[in-house]
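In: Pasting the sequence and the predicted model now:
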Amino acid sequence: MHFNPTAITFIGYLVLMVLIGFYAWHHTRSFGDYILGGRRLGGLVTALSVGASDMSGWLLMGVPGAAFVAGVSESWIAIGLTIGAWLNWKLVAARLRLYTEVSHNALTLPDYFRQRFEDKSHVLPVMAAVVILVFFTIYCASGMVAGARLFENIFRFEYSTALWVGAAVTIAYVFIGGFLAVSWTDTFQASLMCLALVVTPVAVAMDLGGFSSATTQVAAINPDMLNMFSGQTAIGIISLLAWGLGYCGQPHILVRFMATRSISVIPNARRISITWMIFCLAGSLAVGFFGAAFYAGHPEIAGAVNENHERVFIELCKALFNPWIAGILMSAILAAVMSTLSCQLLVCSSTLTEDFYRRLIRPKAGNRELMIFSRGMVLLVSVIAIVIASDPNSLVLLLVSYAWAGFGAAFGPVILLSVWWKRMTRNGALAGMLTGAVTVLVWHHFAWFGLYELLPGFVLGLAAIVIVSLLGKEPRKEITDSFATVEKRLVEQS
């Protein structure tokens, strides 16, 4: 192990996260607390927790790496994500929060689907749980890869060792503190991520003589790096913008809406979250953009970045700051990885516990038994994700894009219509979920037209819901009455 000021800073950060986990453990009294925090998150914690759980290691590795190679043409993904996130807050957040409460206090998305459509056969929630486990395991693997890259660089570990060590800390505070630990650490980690993504591109630009000079130097490398349309086709731009469609289907983001104290905190949380997101995405793109000019002028230290462009943020921190400051800034990568990975592990664990173990195997299980089982599932999912991430050639953004598409297409149309359309039926939801998930799997394999699989998956899933719902019987009165109750409460609490 290689110790230096940067490594010491990292160790201090890791210890702090675990201590927060222990503090949250003292406030976790029940299984509901462990997986949803007792529905008592305030506006600031909700806003930053949504952002941090959304923006994983790809924010500080994948996006800067893409901008390092292609320039501002990679901005389309940031535009799509920002629009999609804003629409998710506006169209889904408040309605889902109320609907999960009306639906017998549903604690997970599969449980919400079961209660929303009164599915006594359990087919819909089981299918939802399977989708969560398949795509979240891939998503968790992306976080494991990003964490391994970081520990590999800081402590000079072999990749396999770095993979296990990096995962261990996240597993520790999720295992101990559950949802509260994840949400509280997300608030701190989101602040650190934003700080790093503001300070680093400013420092790079100043080293290059200012923003104008830095931009000129990038243009000297390749003028097309300043062209939003360079290297992009119409299908390519549509594919990047389509990332925004994925937001209303991401369980680790939706669960934050479900955990808010009340819908009254959502408008302010939305403003904070979107502002944070704009700063982070703009900073992430700027790191790669200005980094291209920096390393063109310093070819003697560009070897690591040229070998793997996703390391540009790490290498810039090491080159521009003293080791102590670099350690703090690079901890932002760890923050991004840990915040998303921890939430994903908790969602997988709660799904296995609530929707399989309690619903199908041990309906009368008590709180203690459920919490023990849930913690065991954190370990199980972690080990599977580590196995998937064991390939050292894995790229973070590729793993994320696949999982993001899977959730966006399978759950996005179902969530969106379930909170807005009272005519939607159980069979319609099931058809939409299956159509979206299968479309992503098939389209990803064949890569037709070069179009991102999320878009056809979302559109076909949406169409399947509408067609099957309209062809079937109208929902029972009890179901439409619940819908009316949500509409009434929205009016009363707005």
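Out: All right, it came through fine.
In: going forward, measure contacts and count neighbours with C-alpha atoms only.
Out: OK.
In: so who does the closest residue to Gly408 other than its chain neighbours touch?
Out: Closest residue to Gly408 apart from its sequence neighbours, by Cα to Cα, 6 or more residues apart in numbering: Gly246 at 3.8 Å. Residues near Gly246 by Cα atoms under 8 Å, 6 or more residues apart in numbering: Gly84, Trp404, Ala405, Phe407, Gly408, Ala409, Gly412, Leu454.
In: Just confirm the fifth one is within a helix.
Out: Yes. Note on Gly408: a helix contains this position according to DSSP: H, G, I helix; E, B strand; the rest coil.
In: quick one: contacts for it?
Out: Leu245, Gly246, Tyr247, Cys248, Gly249, Gln250, Leu454, Phe458.
In: gap between it and Asp224?
Out: Between Gly408 and Asp224 the computed distance is 32 Å (Cα to Cα, to the nearest Å).
In: just the second one next, same as before
Out: Summarising the geometry, the distance separating Trp404 from Asp224, computed by Cα to Cα, is 29 Å.
In: more crowded one of the two?
Out: Trp404 (24 against 17; other Cα atoms under 10 Å).
In: buried stuff in the helix or strand hosting the more buried one?
Out: When elements are assigned from DSSP states H and E, Trp404 belongs to helix 396-418. Under the neighbour-count criterion of 16 or more other Cα atoms under 10 Å, helix 396-418 has 396-397, 399-418 buried.
In: need the next SSE after that helix, C-terminal direction.
Out: Immediately after helix 396-418, counting by DSSP H and E, sits helix 426-446.
In: What is the following helix or strand past that following helix packed up against?
Out: Counting by DSSP H and E, the element after helix 426-446 in chain order, helix or strand, is helix 454-471. When contacts are defined as 3 or more Cα pairs under 8 Å, 6 or more residues apart in numbering; DSSP states H and E, helix 454-471 sits against helix 396-418, helix 426-446.
In: pLDDT on the last one, on average?
Out: Read it as helix 426-446. Averaged over helix 426-446, pLDDT sits at 95.
In: Just want the angle from that helix to helix 396-418.
Out: 160 degrees (axes from the mean of the first three to the mean of the last three Cα atoms, to 10 degrees).
In: Can you list the residue ranges for helices in the stretch 151-300 of the chain?
Out: 159-207, 211-221, 234-241, 251-258, 266-297 (DSSP state H, counting those that start in this stretch).
In: which of the ones you listed is buried the deepest?
Out: helix 251-258 (a mean of 25; mean count of other Cα atoms under 10 Å).
In: Give me the below-cutoff pLDDT ranges for the stretch 1-150 of the chain.
Out: 1-3, 21-43, 57 (pLDDT under 70).
In: State the phi and psi torsions of the residue nearest to the spatial centre of the chain.
Out: Geometric centre of the chain, nearest residue: Asp54, 3.0 Å, by Cα atoms, centre = their mean. For Asp54, the backbone dihedrals (degrees, to the nearest 10) come out as phi -80, psi -50.
In: Repeat that for Lys422.
Out: phi -70, psi -20.
In: That one reaches Asp481, doesn't it?
Out: No. The pair Lys422 / Asp481 is not scored as a contact, 9.2 Å apart, by Cα atoms under 8 Å.
In: Show me where the stretch 351-494 of the chain dips below the pLDDT cut-off.
Out: Where the stretch 351-494 of the chain drops to pLDDT under 70, the residues are 392-398, 494.
In: cutoff 90 now
Out: Along the stretch 351-494 of the chain, segments meeting pLDDT under 90 span 351-404, 445, 447, 478, 486, 488-494.
In: thinking again about what came up before, and the residue nearest to Gly408, what's its pLDDT?
Out: Gly246 is given a pLDDT of 92.
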